[in-house]
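>>> Just a sequence and a predicted model for now, questions to come.
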Amino acid sequence: KEMLLPADAAFDGNEFLDAAHQSGARFLVRSGARRVPTPAEHLGDGSYLARIGYGVLRVLLPVRVIEAALTVTLADGTVRTEQWRLITNLLDPVRYPAAELVDLYHRRWEAETTYFSIKATMLDGRVLRSRSTDGLDQEVYALLTAYQALIRAGNDALTGRPEVPMERISFTVLLAAATGTVTAGHGIFPGTLIDLVGTIGHAALDDLLPARRRQRVKARTRKNPTSKYGPNAGQHPSTSQNYTVHATVTFFEHGLNSRSRR
């Protein structure tokens, strides 16, 4: 089964992308402004084919480049524009249209909900207790293992509900159901009939998230006055807001604007 690897601009190195490609994975990575790909063929959906490597790799890697101008409008009327250049080894523009890949990359930020689920929901404000590297590694792997087990339970719950997307499964409900099951000691072992959904899965299905969830940006504040993100002060909303985003696939003839240094 193919895996898609979405990644930020810090992971657009030639060797890394080639290694990902050789592993059989498909990638969708944001490119930095210093990369200047030369179009080999412009495609009908606005993307273009190119090769990366610049002689560093023994064989130049064929990729597809998607450039898009994004306009993000917050609920308070604030408008922010961005330039994206995405690099992917999904070369077929018919099967993988550029506009759909741009929308898919935008959803990459949903990975932040994973961090929030672990840091805020599972740890509930607590910090790791270990004072050694080995101990911290053990705690982190334990958290990741528990998180993956809960996500798998949520995915198993949808075995007979293909019309329900995974994003409607509440992680908070999964955690509460698992905690209650382990604490009370009920519903752990299956009866005569094995139920893949299980106690945790049934709890998640009984309390699904709304079918249509509005895009929402969280407030960002600097807790440390000496933070390296100081130059970004005032660029993010002080309160959580809904937003809309409009993307236009285009070709930046004069290259990509450099992103502000953080």
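Good, I have the coordinates. Since the structure is predicted, the reported quantities are computational estimates derived from the model, not experimental observations. Residues are numbered from 1 along each chain as shown.
>>> any idea which helix or strand comes after the helix or strand containing residue 83?
According to DSSP states H and E, residue 83 maps onto strand 79-88. Using DSSP H and E, the helix or strand that directly follows strand 79-88 along the chain is helix 98-106.
>>> Off-centre distance for that following helix?
12 Å (Cα atoms, centre = their mean, to the nearest Å).
>>> okay, the angle between the strand holding residue 83 and helix 98-106?
100 degrees (axes from the mean of the first three to the mean of the last three Cα atoms, to 10 degrees).
>>> For strand 79-88, name the packing helices and strands.
strand 26-30, strand 61-74, helix 98-106 (3 or more Cβ pairs under 8 Å, 6 or more residues apart in numbering; DSSP states H and E). The C-beta positions use only the backbone N, C-alpha and C, and glycine is treated the same way.
>>> Quick one: mean pLDDT over the last one.
For helix 98-106, mean pLDDT is 95.
>>> buried set for that helix?
Within helix 98-106, the residues that count as buried by 16 or more other Cβ atoms under 10 Å are 98, 101-102, 105-106.
>>> same question, stretch 125-132
Residues of stretch 125-132 include none that count as buried (16+ other Cβ under 10 Å).
>>> Need the distance between the two termini of that stretch.
20 Å (Cα to Cα, to the nearest Å).
>>> Check what contacts it and list those residues.
Contacts with stretch 125-132, where a contact means Cβ atoms under 8 Å, 6 or more residues apart in numbering, come from 135-136, 138-140.
>>> Can you list the buried residues in the helix or strand in which residue 143 is found?
Residue 143 is part of helix 133-157, with elements assigned from DSSP H and E. Using 16+ other Cβ under 10 Å as the test for burial, helix 133-157 gives 143, 147, 150-151, 153-154, 156-157.
>>> try stretch 36-44
Buried, per 16+ other Cβ under 10 Å, within stretch 36-44: 37, 43.
>>> Just the C-alphas of it, formatted as CSV.
The C-alpha trace of stretch 36-44 is given here as CSV (Å, rounded to 0.1, in the frame of the first residue of the first chain):
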residue,chain,number,x,y,z
VAL,A,36,15.0,27.1,-8.9
PRO,A,37,13.6,24.2,-10.8
THR,A,38,13.7,24.3,-14.6
PRO,A,39,10.4,23.3,-16.2
ALA,A,40,10.8,20.4,-18.6
GLU,A,41,7.2,20.3,-19.6
HIS,A,42,4.2,22.4,-18.6
LEU,A,43,1.0,20.4,-17.8
GLY,A,44,-2.6,21.2,-18.4
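>>> same question for it, mean pLDDT?
Stretch 36-44 shows a mean pLDDT of 94.
>>> hang on, the earlier thing: between the contacts of stretch 125-132, which is closest to residue 180?
Closest to residue 180 out of the contacts of stretch 125-132 is residue 139 (23.0 Å), distances taken as Cβ to Cβ.
>>> Please give me every residue in contact with the closest one.
When contacts are counted by Cβ under 8 Å, 6+ apart, residue 139 touches 128-130.
>>> Can you tell me which of the residues you listed is nearest residue 203?
Minimum distance to residue 203 across the contacts of residue 139 is 28.0 Å, recorded for residue 128 (Cβ to Cβ).
>>> Need the three-state assignment for that closest one.
Following DSSP: H, G, I helix; E, B strand; the rest coil, the label given to residue 128 is coil.
>>> Can you give me the pLDDT of it?
For residue 128, the model assigns a pLDDT of 92.
>>> Quick one: the contacts of residue 139 as CSV, columns for distance to residue 76 too.
What follows is the contacts of residue 139, written out as CSV (distance: Cβ to Cβ, whole Å):
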residue, distance to residue 76
128, 37
129, 41
130, 42
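>>> wait, which of these is closest to residue 205?
The closest of the contacts of residue 139 to residue 205 turns out to be residue 128 (Cβ to Cβ; 32.7 Å).
>>> Would you check how far apart that closest one and residue 135 are?
Distance from residue 128 to residue 135, counting by Cβ to Cβ, to the nearest Å: 8 Å.
>>> Can you report how many residues lie near residue 121?
Residue 121 has 16 neighbours, counted by other Cβ atoms under 10 Å.
>>> for residue 81, same thing?
Neighbour number of residue 81 under other Cβ under 10 Å is 10.
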